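In: have a look; sequence and predicted model below, questions after that.
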2 protein chains.
Amino acid sequence: MSTVFPKPTHDHGRCVDDAMAEAERACREGGARLTPQRRQVLAIVLESHQPIGAYDVLARMNAAGGRTAPITVYRALDFLMTQGLVHRLASRIAFIACSLPDRHETGGGGGQNAQGDGAQFLICGDCGTVAEMTDRRIETAIRERARTAGFIVSAPVVEVEGTCPNCAGASDG
Amino acid sequence: MSTVFPKPTHDHGRCVDDAMAEAERACREGGARLTPQRRQVLAIVLESHQPIGAYDVLARMNAAGGRTAPITVYRALDFLMTQGLVHRLASRIAFIACSLPDRHETGGGGGQNAQGDGAQFLICGDCGTVAEMTDRRIETAIRERARTAGFIVSAPVVEVEGTCPNCAGASDG
DNA sequence: CAACAATTTGTTATGTTGTAACATTTACGC
DNA sequence: GCGTAAATGTTACAACATAACAAATTGTTG
Ligand SMILES: [Zn+2]
Ligand SMILES: [Zn+2]
Ligand SMILES: [Zn+2]
Ligand SMILES: [Zn+2]
């Protein structure tokens, strides 16, 4: 099986470091400014593979006595979404770090990828872990069905609730 | 092309009446109580083929000087969603009347269909009109891809933003 | 009908998510 | 340095949703 779900045993420290490095590179290349604050927000969102609410991000930023305002977090998240580094999960009203940043066109390019830019998400209802994927067949099925309805697709939102392999294995052996 | 989008010329009065009658029947059959208030909320949601916010429903209920509270609307909407008569569009934070009520299992049965119960939605970014459909191929593509990831699907959310045939025709002839 | 239980509705207050508007600071090109 | 654009700070508010408990309504049963 293709491995979309992060294994609980994976080296998450390295996972985060790699993602941060990739983000730095992508922003530098695209002429976007990954400021310390934006970097901090990205780091917080990267911290786990579960979606996190904007106000939870805020709480972590202010954990050490800061006085950051909500709008600051939203602005950083907007920036990160434009760069394709973070996605918003509408069904959870929360944000998740992109795990396939090189598969999205960044803000300067063609489309606005705030809603996932063609990615699909599997969201575990038990542990909250999210798997991001870009499945051609799903996308094609949606686009073709839309076409028969005379509908021109711009931003497909596919967010699938269910049970991840780790949680399924834990309950039914 | 299969006709999923409501045509601007369709007899909407009858469209609403039929849906109300079908709702009455479905509730009676399932032993659910479609009270006057719930009927009123359903009527408001049915009024157009665009998603409507809970507070907009509230405003219409209070238009004639009423003093209904938000919770009342949410309770009615919850009931209607349980009955499969209304769906919540997460990407819009709004509600839409079901246009295929007989395709969903109602509350008493197996699944909770609050998120659309396997339906997919095409949402026009121009006019807001929504088309609901239950496309087997989309569902299958999602389920099979999930399966290869070891993921057990419970509630797929598919909400596709784009341009409907009416709006597309208006701009490019 | 009377008494009771279950469902529905009312009332009040509060929690959660997201933005508007405008001032100030910081980074960048010249 | 200086002017401009981008980013951040500050305050206030809008929009979406639920908690907790009281009252009324409905259905059931003797
Ligand atoms: Zn990781
Ligand atoms: Zn899980
Ligand atoms: Zn109609
Ligand atoms: Zn349209």
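Out: Perfect, thanks for sending it. Ligands and ions are numbered 1, 2, ... in the order given.

In: ok, for A:A43, nearest residue in space, not its chain neighbours?
Out: A:M20 (6.7 Å; CB to CB, 6 or more residues apart in numbering or on different chains). (Each C-beta comes from the backbone N, C-alpha and C, glycine too.)

In: pretty sure A:G125 contacts A:G162?
Out: Yes - using CB atoms under 8 Å, A:G125 is in contact with A:G162, at 6.6 Å.

In: which residues do the two both contact?
Out: Common contact partners of A:G125 and A:G162 (CB atoms under 8 Å, 6 or more residues apart in numbering or on different chains): B:S154.

In: count of neighbours near the residue nearest to A:A43?
Out: 17 (other CB atoms under 10 Å in any protein chain shown).

In: name the SS class of it, please.
Out: helix (DSSP: H, G, I helix; E, B strand; the rest coil).

In: how close does it get to ligand 3?
Out: The gap separating A:M20 from ligand 3 is 50 Å, by CB to the ion, to the nearest Å.

In: neighbour count winner among A:G125 and A:G162?
Out: Between A:G125 and A:G162, counted using other CB under 10 Å, the more crowded position is A:G162 (21 against 13).

In: now do the SS call for that one.
Out: Classification of A:G162 using three-state DSSP returns strand.

In: name all residues that make contact with it.
Out: Counted by CB under 8 Å, 6+ apart, A:G162 has contacts A:122-125, B:146, B:151-155.

In: residues from chain A in reach of DNA strand C?
Out: Selection of chain A residues close to DNA strand C by CB under 7 Å from any atom of the strand yields A:33, A:53-56, A:69-71, A:74, A:88, A:93-94.

In: mark which of the residues you listed are buried, thanks.
Out: A:54, A:88, A:94 (16 or more other CB atoms under 10 Å in any protein chain shown).

In: run through chain A and note the low-pLDDT ranges.
Out: A:1-2, A:105-116, A:170-173 (pLDDT under 70).

In: the strands in it, which residues?
Out: Taking DSSP state E as the test, the strands found in chain A are A:86-89, A:94-97, A:120-124, A:130-133, A:152-163.

In: need the winner for burial among these.
Out: Comparing those by mean neighbour count (mean count of other CB atoms under 10 Å in any protein chain shown), strand A:120-124 ranks first with a mean of 25.

In: that strand pairs with which strands?
Out: strand A:130-133 (antiparallel), strand A:152-163 (parallel) (DSSP bridges).

In: nearest to ligand 3, of those?
Out: strand A:152-163 (22.0 Å; CB to the ion).

In: that closest one near ligand 4 anywhere?
Out: No - Strand A:152-163 is not in contact with ligand 4 by CB under 5 Å from the ion; minimum separation 10.1 Å.

In: pull the CA atoms of that strand into PDB?
Out: C-alpha atoms of strand A:152-163 as PDB (Å, rounded to 0.1, in the frame of the first residue of the first chain):
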ATOM      1  CA  ILE A 152     -16.400  24.200 -14.500                       C
ATOM      2  CA  VAL A 153     -14.400  23.100 -11.500                       C
ATOM      3  CA  SER A 154     -12.100  25.500  -9.800                       C
ATOM      4  CA  ALA A 155     -11.500  24.200  -6.300                       C
ATOM      5  CA  PRO A 156     -12.500  20.700  -5.300                       C
ATOM      6  CA  VAL A 157     -12.700  20.100  -1.600                       C
ATOM      7  CA  VAL A 158     -12.300  16.400  -0.600                       C
ATOM      8  CA  GLU A 159     -12.100  15.700   3.100                       C
ATOM      9  CA  VAL A 160     -12.800  12.100   4.100                       C
ATOM     10  CA  GLU A 161     -13.700  11.300   7.700                       C
ATOM     11  CA  GLY A 162     -12.900   7.800   8.900                       C
ATOM     12  CA  THR A 163     -10.500   5.600  10.800                       C
END
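
In: chain center to it: distance?
Out: Computed by CA atoms, centre = their mean, to the nearest Å, the chain-centroid distance of strand A:152-163 equals 13 Å.

In: can you add distance to A:R137 and give the residues of chain A next to DNA strand C back as JSON lines?
Out: Converted to JSON lines, those look like this (distance: CB to CB, whole Å):
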{"residue": "A:R33", "distance to A:R137": "37"}
{"residue": "A:G53", "distance to A:R137": "32"}
{"residue": "A:A54", "distance to A:R137": "33"}
{"residue": "A:Y55", "distance to A:R137": "37"}
{"residue": "A:D56", "distance to A:R137": "34"}
{"residue": "A:A69", "distance to A:R137": "43"}
{"residue": "A:P70", "distance to A:R137": "39"}
{"residue": "A:I71", "distance to A:R137": "40"}
{"residue": "A:Y74", "distance to A:R137": "34"}
{"residue": "A:R88", "distance to A:R137": "24"}
{"residue": "A:I93", "distance to A:R137": "28"}
{"residue": "A:A94", "distance to A:R137": "27"}
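
In: a markdown table for the strands paired with strand A:120-124, including distance to B:R14?
Out: Formatted as a markdown table, the strands paired with strand A:120-124 follow (distance: least, CB to CB, whole Å):
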| stretch | distance to B:R14 |
| --- | --- |
| strand A:130-133 | 43 |
| strand A:152-163 | 29 |
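
In: indicate which one of those is closest to DNA strand D.
Out: Among the strands paired with strand A:120-124, the nearest to DNA strand D by CB to the nearest atom of the strand is strand A:152-163 (14.9 Å).

In: relative to A:R25, which of the residues of chain A next to DNA strand C is nearest.
Out: The closest of the residues of chain A next to DNA strand C to A:R25 turns out to be A:R33 (CB to CB; 13.7 Å).
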